[in-house]
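Q: This is the structure alone, sequence omitted:
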């Protein structure tokens, strides 16, 4: 269960500053490794050569939207848990890795592919790649080459606690312990809420149960219902947990404000500009289109022999 | 051989696959167990013919017909005394007469014809030829020893040879693999003509193999000389003993103790299994199908899991966040 999971131990952070700090560190680490590339450039070029943490973040956000669209279009239709797990993977991966090392468009399909496996959504690699636009063989290579790397970067902590089952549990509980009329009509707006929430960092900050509760409360208020009494008197009654009430309400409020704050994805123009610079500064050793990469792959092949 | 049966206890090979039939000078069989039982004092009489027998004289029955065994036994005993060689006679005829007499004696004894008369003949012969018997015996013993030595030497040689061959084979295999790898490497990386490389390697191979063979022969010779001293009978036996004494020790770890896992909820308590039914939670979950129930799946399991997960971690809050939220 969640309280004893690796998700809680290693992948829930206390606040957004901590997240951005991690991302900055990943960015810094990359620049440090490649600092000799800019030593002969002018000052202005120097500052413009590498991507900033903020730009990296924008790029990842852009590809998060892409990932959502990819998962929606996927045939056969994908269970929601797979999407949730894939989002977790992608977010976790870019906490400790730079966009300049691994391009998000490559990582996103790898994340989805791994999520399919972990969540027991059985698709063969051929079937999977059939959903990708462009060169299928190349896509296969990219996925399979990056899969192990991804798992390693996730510390092999692949079990994800998604908010979907907690939502089911809360809905059952609502049907039994509250007077809410037909809780199932909340579902469309709950799904909508979660869809948007995947594009934020909420799942790195809050437990799945908290996210589920936030989704249900949000949806209830959209449907002109009030569940405050259920939360304060039934879910946390006086005997157990009233002292946590403040924190819980605070968490729910924060999760809901995420939607207002960060929903706007970067525009195409911005992304285009960033990607142009990424072409220059990215690590050639991990770019499957580059000569350096191909050479390295060959070398590894010989070493295996 | 399948219908071998012990005449005393009627055990057959079918009932006791490890049945061992023994035979003594009288030619009557007994199974190993009966021998143990009857001759516990070391001597006794044959249960069939009453002849007194010594336990030490029992040996494994080699021939199906026990009478053959008896004859072999008698022949051995007779030949101990009638040990003249062809050289001891002046003519071939005399030697042939001598051989015929031996055969007659053996036949008589093994078929119980004129036993006292034959025994008397043997005694007489013994008396008459005392000296030559002893002389021939000594000579015979020497011959036997010499023969044994030869056989042992031959066996030793055989063992050494086999070891050497095995070694050579392993060596050759390794060399072959290495050459193959080198050739493939060369073919992959070199700019030379492939045919040239192949020829070059073929020549090299031939030369290398002859060289190595010579070297090996020398080294193996040295080793065999060394080993000859190593393989004295005493060392051999000692080796075996050491081997049988080093049985692997089995170490047992501490026994497993079940500790009930601690369930951390970090949230409000979830309903108990009884509440699921009593409070009507189950009404809001899909009833399991018959097939699912056969597999051990109950709708209460799914219901409980969802409820547990919805409560677990509701209180989740990392300590750091309180500090930082104050800053924020």
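A: Happy to help now that I have it. Nothing here was measured: the structure is a model prediction, and the numbers come from that model.

Q: shaky segments in the stretch 201-305 of chain A?
A: Where the stretch 201-305 of chain A drops to pLDDT under 70, the residues are A:238, A:240-241, A:260-263, A:304-305.

Q: Near chain B, which residues of it are found?
A: For the stretch 201-305 of chain A, the residues in contact with chain B (CB under 8 Å from any CB of the partner chain) are A:206-210, A:212-213, A:235-237, A:240-241, A:244, A:247-248, A:250-251. C-betas here are computed from N, CA, C, even on glycine.

Q: mind listing which of those residues are in helices?
A: Under the assignment DSSP state H, those contribute A:208-210, A:212-213, A:247-248, A:250-251 to helices.

Q: In chain A, which helix is the longest?
A: helix A:53-73.

Q: ok, which stretches of chain B are helices?
A: So, for chain B - with DSSP H - the helices run B:32-38, B:66-81, B:92-110, B:115-128, B:130-189, B:194-230, B:233-245, B:273-278, B:290-294, B:299-311, B:319-327.

Q: Which one of these lies nearest to residue A:83?
A: helix B:299-311 (18.0 Å; CB to CB).

Q: Give me the buried stretch members for that closest one, please.
A: Burial within helix B:299-311, assessed by neighbour count using 16 or more other CB atoms under 10 Å in any protein chain shown, is assigned to B:299, B:302-304, B:306-311.

Q: now stretch A:75-91
A: Result for stretch A:75-91 [16+ other CB under 10 Å]: buried residues A:78-91.

Q: can you pick the most crowded of the ones in helices among the residues of the stretch 201-305 of chain A next to chain B?
A: When neighbours are counted by other CB atoms under 10 Å in any protein chain shown, residue A:209 leads those with 31 neighbours.

Q: pLDDT below threshold where in the stretch 1-150 of chain B?
A: Within the stretch 1-150 of chain B, the segments meeting pLDDT under 70 span B:1-2.

Q: picking that back up, rebuild the buried residues of helix B:299-311 as TSV, extending it with pLDDT.
A: Shown next, in TSV, are the buried residues of helix B:299-311 (pLDDT from 0 to 100):
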residue	pLDDT
B:299	89
B:302	90
B:303	91
B:304	91
B:306	91
B:307	90
B:308	89
B:309	89
B:310	88
B:311	87
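
Q: Can you give the contact residues for stretch A:243-259?
A: A:193, A:196-197, A:200-202, A:205-206, A:210-211, A:213-214, A:217-218, A:231-232, A:236, B:314-315, B:317, B:325 (CB atoms under 8 Å, 6 or more residues apart in numbering or on different chains).

Q: quick one on the thing from earlier: of the helices of chain B, give the one that comes closest to residue A:54.
A: Short answer: helix B:319-327, nearest of the helices of chain B by CB to CB, at 20.4 Å.

Q: What mean pLDDT does the longest helix of chain A get?
A: When pLDDT is averaged over helix A:53-73, the result is 90.

Q: Which other helices and strands does it contact?
A: Packing partners of helix A:53-73 (3 or more CB pairs under 8 Å, 6 or more residues apart in numbering or on different chains; DSSP states H and E): helix A:16-33, helix A:80-96, helix A:104-118, helix A:268-281.

Q: who are the neighbours of the shortest one, in terms of helices and strands?
A: Think helix A:268-281. helix A:43-49, helix A:53-73.

Q: Show me what counts as buried in stretch A:177-189.
A: A:177-178, A:180, A:183, A:186, A:189.

Q: Quick check: of the residues you listed, which lies closest to residue B:194?
A: Looking across those and measuring by CB to CB, the closest to residue B:194 is residue A:189, at 71.0 Å.

Q: what does the stretch 1-150 of chain A put close to chain B?
A: Residues of the stretch 1-150 of chain A lying near chain B (CB under 8 Å from any CB): A:1-4, A:8, A:12-15, A:17-18.

Q: let's go with 7 Å and repeat that
A: A:1-4, A:8, A:12, A:14-15, A:17 (CB under 7 Å from any CB of the partner chain).

Q: Out of those, grab the one that's most surrounded.
A: residue A:2 (23 neighbours).

Q: Tell me the confidence at that one?
A: pLDDT, residue A:2: 86.

Q: Hmm, residue B:314 and it touching each other?
A: No: using CB atoms under 7 Å, residue A:2 is not in contact with residue B:314; the gap is 9.6 Å.

Q: between those two, what contacts are shared?
A: The contact sets of residue A:2 and residue B:314 overlap at residue A:209 (CB atoms under 7 Å, 6 or more residues apart in numbering or on different chains).

Q: follow-up on the earlier one: of the buried residues of helix B:299-311, which are in range of chain A?
A: Within the buried residues of helix B:299-311, those near chain A by CB under 7 Å from any CB are B:303, B:306-311.

Q: picking up where we left off before, and the furthest pair within the buried residues of stretch A:75-91?
A: Between any two of the buried residues of stretch A:75-91 (CB to CB), the greatest distance is 19.2 Å, for A:79 and A:91.

Q: Number of residues surrounding residue A:215?
A: Residue A:215, neighbours per other CB under 10 Å, totals 26.

Q: Tell me which other helices or strands the strand or helix carrying it touches.
A: If you go by DSSP states H and E, residue A:215 is part of helix A:208-222. Packing partners of helix A:208-222 (3 or more CB pairs under 7 Å, 6 or more residues apart in numbering or on different chains; DSSP states H and E): helix A:164-177, helix A:187-197, helix A:245-262, helix B:299-311.

Q: distance of the closest residue to residue A:107 other than its chain neighbours from chain B?
A: Closest residue in space to residue A:107, ignoring its immediate chain neighbours: residue A:93 at 5.9 Å, by CB to CB, 6 or more residues apart in numbering or on different chains. According to CB to the nearest CB, to the nearest Å, residue A:93 and chain B sit 22 Å apart.

Q: I'd say residue A:93 and residue A:150 touch.
A: Yes: using CB under 7 Å, residue A:93 makes contact with residue A:150 at a distance of 6.2 Å.

Q: okay, and the common contacts of the two?
A: With CB under 7 Å, 6+ apart, residue A:93 and residue A:150 have common neighbours A:107, A:111.

Q: Tell me which residues touch the residue lying closest to residue A:168 once chain neighbours are set aside, please.
A: Closest residue to residue A:168 apart from its sequence neighbours, by CB to CB, 6+ apart: residue B:306 at 4.4 Å. Taking CB under 7 Å, 6+ apart as the criterion, residue B:306 is in contact with A:165, A:168-169, A:172.

Q: For residue B:139, state which of those residues is nearest.
A: residue A:165 (100.1 Å).

Q: burial measure for the nearest residue to residue A:214 once chain neighbours are set aside, as a count.
A: Nearest residue to residue A:214, sequence neighbours excluded (CB to CB, 6+ apart): residue A:255, at 3.9 Å. Using other CB under 10 Å, residue A:255 is surrounded by 24 other residues.

Q: now residue A:55
A: Residues near residue A:55, counting by other CB under 10 Å: 20.
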